[in-house]
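Here is my input; please provide its structure:
(one chain, ligands or ions: 1)
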Amino acid sequence: MSLVSSGHVCTFRISIRSICAIVIPPLIFIVGSLCSSSEGTNDAFTLDSIRQSLVRQEDTIIFSLIERAKFPINSATYDASPSSLVHGFPGSLLDFVVRRTEAVQAKAGRYENPEELPFLLTTLPHPLVPRHNYPQVLYPAAASVNVSKTILDMYIQQLLPLFTAEGDDGNYASAAACDLACLQALSRRIHDGRFVAEVKFRDAPEDYEPLIRAKDRDALMKLLTDEKVEEIVKERVRKKAMIFGQEVSLNDTDSKGNYKVDPSVVSHLYAEWVIPLTKLIEVEYLLRRLD
Ligand SMILES: C=C(O[C@@H]1C=C(C(=O)O)C=C[C@H]1O)C(=O)O
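From the prediction side, this is the model:
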């Protein structure tokens, strides 16, 4: 389930958009949303529907961790010293795989989707594919909030050692490909905080506007926080990790308690990083929401 995949292009929308494009930028944003609404696509952007998308993304995150856990930590993959694995490349093997893959995916149109953000590429190659008209839901001045670097550092330095075995089996390229899948899944989930913030703002502008004008981060954080939902998320991901990561055996007694990724690590990942970073994105987005 994607937040922004439903924007089928219709001629009406294109013509309205091109007319709007010559009017002042804030108006482009408003009309873009109205155009989505006239096709019913704006209906997708309720807090409930965004939360459903976040729930589905839990599956992607947990399966990507399970895939990465097939390999030991393989520390050489992350060595960015001059004697690192990739001859002539200034960075680690993971940097190399991420940069080159992101360049290919940019050409294939991945980053046209406002939910997708690259980790390492600052200038993206132009897509070589026809444009898809994604609904423009985010407020342009706030859409660029980004914690990719924090996610990358957290993943390599803190998360990886918690769910991979010690050791080195030489499968560096395969491990790096799995890392990128984990990173992209985490990034999408965390940066979807922008959509959550947009919907919360639209639902209660009278509550958010004074706090935004006062640049009151703490009050914004308090207002957007729903502790009950957070508790449910942490419990659900633990349960999913137990179900998705169990050893399946025809003999019931064989598999009890052996999980491919420790369910408490998944819950910890959400409690310590995913939820706090999503909320940080929400606050940062809101602080730019009236620019
Ligand atoms: C994403 C939301 O905002 C906050 C962050 C949450 C999360 O990252 O899971 C859950 C509840 C809120 O405290 C939300 O309200 O759904």
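
from here on, contacts and neighbour counts on C-alpha atoms
OK.

So which bits of stretch 166-183 are buried?
Judged by neighbour count using 16 or more other Cα atoms under 10 Å, the buried positions of stretch 166-183 are 172, 175-183.

Same list, the residues you listed, but as TSV with distance to residue 280, secondary structure and pLDDT please.
Below are the buried residues of stretch 166-183 laid out as TSV (distance: Cα to Cα, whole Å; DSSP: H, G, I helix; E, B strand; the rest coil; pLDDT from 0 to 100):
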residue	distance to residue 280	secondary structure	pLDDT
172	32	helix	98
175	29	helix	98
176	27	helix	98
177	28	helix	98
178	26	helix	98
179	23	helix	98
180	22	helix	98
181	22	helix	98
182	20	helix	98
183	18	helix	98
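
Between those residues, which sits nearest residue 196?
Taking Cα to Cα as the measure, residue 196 lies nearest residue 183 of these, at 20.1 Å.

Distance to residue 131 for the buried residues of stretch 166-183 - can I get that in JSON lines?
Listed next are these as JSON lines, based on distance: Cα to Cα, whole Å:
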{"residue": "172", "distance to residue 131": "35"}
{"residue": "175", "distance to residue 131": "32"}
{"residue": "176", "distance to residue 131": "29"}
{"residue": "177", "distance to residue 131": "27"}
{"residue": "178", "distance to residue 131": "28"}
{"residue": "179", "distance to residue 131": "28"}
{"residue": "180", "distance to residue 131": "25"}
{"residue": "181", "distance to residue 131": "24"}
{"residue": "182", "distance to residue 131": "27"}
{"residue": "183", "distance to residue 131": "25"}
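
Check which helix or strand residue 239 maps to.
helix 227-244 (DSSP states H and E).

Run the contact check for that helix versus the ligand.
Yes - counting by Cα under 6 Å from any ligand atom, contacts between helix 227-244 and the ligand involve 227, 229-230, 233.

Nearest the middle, which residue of the protein would you pick?
Among the residues of the chain, the one closest to the centroid is residue 188, at 1.3 Å (Cα atoms, centre = their mean).

for the ligand, what are the nearby residues on the stretch 51-200 of the chain?
Residues of the stretch 51-200 of the chain lying near the ligand by Cα under 6 Å from any ligand atom: 51, 193, 196.

Sort out which of those are in helices and list them.
Among those, DSSP state H puts 51, 193, 196 in helices.

Verify the contact between the residue nearest to the centre of the chain and residue 117 for me.
Yes - Residue 188 is in contact with residue 117 according to Cα atoms under 8 Å; the separation is 7.4 Å.

which ones are touching the spatially closest residue to residue 84 that is not a sequence neighbour?
Nearest residue to residue 84, sequence neighbours excluded (Cα to Cα, 6 or more residues apart in numbering): residue 92, at 5.9 Å. Residues in contact with residue 92, defined by Cα atoms under 8 Å, 6 or more residues apart in numbering, are 77-81, 84-86.

And residue 92, what's its pLDDT?
pLDDT for residue 92: 96.
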